[in-house]
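**Student:** Any chance you can model this:
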Amino acid sequence: MSEQLKVLVCGDVEGQFKTLFKRVGSVLKKSPGFEVLFCVGNFFNVSETARAEWKLCCSGELQAPLPILVLGPNKPEHEEFYRNTSESGELCENITYLGDKGVYNGASGVSVAYLSGVQARGEEEGTMCTFTSQQVSSLITSCSSVKGQGVDILLTSEWPRNVSMIGNPTTVDTTSSGSTEVSRLAMEVLPRYHFSGIQGASYERLPYRNHTVLAQSAKHVTRFIALARVGNPSKSKFLYAFNLTPMSKLSRASLVLQPEDTTESPYKTLNLHNKSGDTAVQYFYNLGKAPSRDPGNRKRKGDNWGDDRSKKIIKSQQTGSAACWFCLASPDVDKSLIVSIGESVYMAVAKGALVPDHVLILPIGHYQSTLVAPQDVLLEINKMKSSLKKFYNSQGKACVVYERNYKSSHLQLQVIPVPISKLSLVKEMFLELGSRQGIEFTELSKFANINQIVQPGKPYFYVEIEDGSRLMAEVKSFSGRFPLNFGREVLASEEILNMRDRADWKECTLTKPEEAVIAERFRSEFRPFDPTVDEDEDVD
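**Tutor:** Alright, predicted model coming up:
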């Protein structure tokens, strides 16, 4: 099986959805197998024709021929089209907003960094359609741990300043237009392909190298490609098709191959550097507190407060947003709730827990769902789940795990114990209550993989029951909005836990001291089952 991914990238759509879909449909007919279409530049337009076509997309009368991932608005008048999304999410069927900035890790292994909007002027604060130097620095930090080698694709709406210097000419004056922050971003994150829009011009620059010859070890080259507007009268290129093997699956010799026409980097003359003042990386275990040791002379992995290994774990795994509540690098993460931490995954007591032993399993790095989480993360998640099952079983309880990949930017697995005597009712209640709310579940076979059913970027609800049952529902099959507390409502039903008054987590919040007591009790009771505890490791 080929490891190549067939990718399409498009310039400014500007509301010409019929024209775009027709062109893409022709490409797919001649060369099937393309898996995704990325769009840079202005995706929307406020003209009456554009609004009418978008309405057809939202109603399903006009359908995208493959999954489309788009950047955010570049103009204030386009912000209205993104109002129904939070940080990212589906705009309509098969069209998904990536978010303002971040790293998208596809199931194929392809890494895509993206930055929405245009550069804010001077000291202006960032808005929905602009970005600041601080936001670019945050994205650079997020990209720094993607294999430590760079990213496969960088998507920006704005061109980088000076991109045509010492390269082939373009009609756009890149010495006076384009963003210096995008240039800095490209210089720091080392994309293999960099796509931009907005300028209305088609331009494919000669590849440029990302290292200094004889002074640094060889690195891969970057190819900058700007795309024109969809349906432009001059028939300039607005759609780019290519095959891409993820850099993680290439040999070093293949990755750093330098084409004959490669130039030096066009950005060196700008004297750019990483302007980040406060790094987005936070060392969770370097908080200046005294060490905490386990009884029996055992030491928990990662509990070496301030040591190099703990720093390495957190720093190397951080691939997300400093603004995310669940990334360990974020200053917003509530550390008092964390009860176990491994190499790539951590566990925390749930805020507003349904029952006292209700916990969350989360990746340390920023991954939106299990569909895009790398294999090492998934393996450690499974190890955590297995340990929790043994823990719950020792108390006469069974394990129910569910994931709501809808209006959530960071993968969260909710793990809730139910009495073993009620286990046989769980699947029945999910199906029954789901049917009442228009949720159509698909039951997965023992060997089925969720990514065989749902494409990356698609919202879904997934539940695992300890009796071996697995149910999945795509958001598009719901009649109306998906109930955010659905999983809790099922388990809180009279038939299972009989605590309907606790279906909404906001009604179950506790004070900080109360949460700390519950977290400490769970840590103590779970310790004999905790896979992050190393029995053989001696205390220094």
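
**Student:** all strands for the stretch 1-150 of the chain, in order.
**Tutor:** Secondary structure of the stretch 1-150 of the chain (DSSP state E, counting those that start in this stretch): strands located at 5-10, 36-39, 68-70, 89-92, 95-97, 101-105, 111-115, 118-119, 130-131.

**Student:** Glu260: which of those is closest?
**Tutor:** Proximity to Glu260 (Cβ to Cβ) singles out strand 5-10 among these, at 24.7 Å. To be clear about C-beta, it is placed using only N, CA and C from the backbone, and glycine gets the same treatment.

**Student:** gap between the closest one and the chain center?
**Tutor:** Relative to its chain's centre, strand 5-10 lies at 19 Å (Cα atoms, centre = their mean, to the nearest Å).

**Student:** Partner strands of it and their direction?
**Tutor:** Paired neighbours of strand 5-10 in the sheet (DSSP bridges): strand 36-39 (parallel), strand 239-244 (antiparallel).

**Student:** Mean neighbour count, mean pLDDT and distance to Gly102 for the ones you listed - can I get that in CSV?
**Tutor:** Output for those, formatted as CSV (neighbours: other Cβ atoms under 10 Å; pLDDT from 0 to 100; distance: least, Cβ to Cβ, whole Å):
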stretch, mean neighbour count, mean pLDDT, distance to Gly102
strand 36-39, 23, 96, 13
strand 239-244, 15, 95, 19
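
**Student:** Format those strands as TSV; extra columns: distance to Lys219.
**Tutor:** Shown next, in TSV, are these (distance: least, Cβ to Cβ, whole Å):
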stretch	distance to Lys219
strand 36-39	23
strand 239-244	17
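
**Student:** Looking at these, which is nearest to Arg470?
**Tutor:** strand 36-39 (26.0 Å).

**Student:** before we move on, the earlier item: distance to Ser408 added to the strands of the stretch 1-150 of the chain, as TSV?
**Tutor:** Compiled in TSV, the strands of the stretch 1-150 of the chain are given as follows (distance: least, Cβ to Cβ, whole Å):
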stretch	distance to Ser408
strand 5-10	25
strand 36-39	21
strand 68-70	17
strand 89-92	9
strand 95-97	14
strand 101-105	14
strand 111-115	18
strand 118-119	28
strand 130-131	23
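
**Student:** With respect to Cys327, which of the ones you listed lies nearest?
**Tutor:** Smallest distance to Cys327 across the strands of the stretch 1-150 of the chain (Cβ to Cβ): 10.7 Å, for strand 101-105.

**Student:** quick one: contacts of the closest one?
**Tutor:** With Cβ atoms under 8 Å, 6 or more residues apart in numbering as the test, strand 101-105 has contacts from 69, 88, 98, 111-116, 131, 135-136, 138-139, 142-143, 146, 151, 319-321, 366-367, 372-374.

**Student:** Within its sheet, name the partner strands of it and how each one runs.
**Tutor:** Strand 101-105 is paired, per DSSP bridges, with strand 111-115 (antiparallel).

**Student:** Just give me how far the strand it pairs with sits from the chain centre.
**Tutor:** That offset, for strand 111-115, works out to 10 Å (Cα atoms, centre = their mean).

**Student:** go on, stretch 161-177?
**Tutor:** Offset of stretch 161-177 from its chain centre (Cα atoms, centre = their mean): 32 Å.

**Student:** And stretch 454-471, by the same measure?
**Tutor:** Distance of stretch 454-471 from its chain centroid, counting by Cα atoms, centre = their mean, is 18 Å.

**Student:** same thing with stretch 27-43?
**Tutor:** On Cα atoms, centre = their mean, the centre of stretch 27-43 falls 21 Å from that of its chain.

**Student:** Of the contacts of strand 101-105, which belong to helices?
**Tutor:** 135-136, 138-139, 142-143 (DSSP state H).

**Student:** returning to that earlier point: Lys335: which of the strands paired with strand 5-10 is closest?
**Tutor:** When these are compared (using Cβ to Cβ), the closest one is strand 36-39, at 36.0 Å.

**Student:** Alpha carbons of the closest one, as CSV, please.
**Tutor:** Extracted as CSV, the C-alpha positions of strand 36-39 are listed here (Å, rounded to 0.1, in the frame of the first residue of the first chain):
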residue,chain,number,x,y,z
VAL,A,36,-8.7,16.4,1.2
LEU,A,37,-8.9,19.9,-0.2
PHE,A,38,-7.2,22.7,1.8
CYS,A,39,-8.4,26.3,1.0
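
**Student:** Helices of the stretch 401-540 of the chain, residue ranges please.
**Tutor:** With helices called from DSSP state H, counting those that start in this stretch, the stretch 401-540 of the chain shows them at 423-436, 486-491, 512-526.

**Student:** ranking the ones you listed by burial, who's on top?
**Tutor:** Comparing the helices of the stretch 401-540 of the chain by mean neighbour count (mean count of other Cβ atoms under 10 Å), helix 486-491 ranks first with a mean of 23.
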